[in-house]
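Colleague: the following comprises the amino acid sequence and a computationally predicted model.
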Amino acid sequence: MTRLIFLGPPGAGKGTQAQILAQHLNIPHISTGDILRQAMKEQTPLGIKAQSYVDSGELVPDQLVQDLVEERLGQADATSGWILDGFPRKVTQAAFLEELLQKTGQGGERVVNLDAPDEVVVTRLLSRGRKDDTEEVIRRRLEIYRNDTAPLIDYYSDRQKLVTINGDQSQEEVTHELKHTLAS
Ligand code: AP5
């Protein structure tokens, strides 16, 4: 049973690698960013609430993402494992997830810290050009990553759940290293 969490700065390749691995393992790729963008596109109540946060690179309030993660992990396809991409992003969200996984008997998760330098991720994101990929918003997302999300590296390292992978390699090299590391 594979339960994986991807951590890393914006543009490190979390979504890219999570999707490849999820297909390979035949488990769902659960991206909170993708779920929020879809909700924004459909203008659901969640999307309307999340819009201004996502557009400016701020984190949406914990309760909104925690509710959507709890609902998604409760769906039938998640019983065979999952890859979480973009959640948790703060220690408060990690504590919530820990409690949820305990409550639902879904332990044994591992955490991949996909790392890449700021200049590399800024260049990648500027050439991708999503709505939140302007230089100003990317810098803000990086600042939030450093302040709020990077502390999760120690959080999961202390719990001996963390592996770090260099995201500053070709996509194929990252996938190869990931599969090799997770098999060991
Ligand atoms: P989210 O969608 O999670 O954005 P992000 O973390 O900023 O991640 P990105 O999608 O930008 O990067 P990635 O690491 O997935 O890289 P990717 O594979 O796409 O979140 C967006 C927003 O939603 C947040 O700002 C926040 O507002 C909200 N949100 C989401 N979760 C939340 C939460 N838990 N709490 C609160 N708010 C939340 O690759 C990027 C580009 O690089 C692509 O073009 C790709 O082709 C390319 N690339 C990938 N790998 C390589 C490689 N090895 N070499 C060259 N290019 C590569």
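Modeller: Received the coordinates, thanks. Since the structure is predicted, the reported quantities are computational estimates derived from the model, not experimental observations.

Colleague: by proximity to the ligand, which residue of the protein wins?
Modeller: Scanning the chain for the residue nearest the ligand gives Gly33, at 1.8 Å (criterion: C-beta to the nearest ligand atom). No exception for glycine: its C-beta is placed from N, CA and C like everyone else's.

Colleague: and that residue, that's in a strand?
Modeller: No. According to DSSP: H, G, I helix; E, B strand; the rest coil, the state of Gly33 is helix, so it is not within a strand.

Colleague: wait, it sits on Leu84?
Modeller: No. Gly33 is beyond contact range of Leu84, at 11.3 Å (criterion: C-beta atoms under 8 Å).

Colleague: related to what we said a few turns ago, contacting residues around the closest residue to the residue of the chain closest to the ligand other than its chain neighbours?
Modeller: Nearest in space to Gly33, with sequence neighbours left out and distances taken as C-beta to C-beta, 6 or more residues apart in numbering, is Gly86 at 4.7 Å. Listed by C-beta atoms under 8 Å, 6 or more residues apart in numbering, the contact set of Gly86 reads 6, 14-15, 31-33.

Colleague: wait, which of the residues you listed is closest to Pro117?
Modeller: The shortest distance between Pro117 and any of the contacts of Gly86, using C-beta to C-beta, involves Lys14 and amounts to 15.3 Å.
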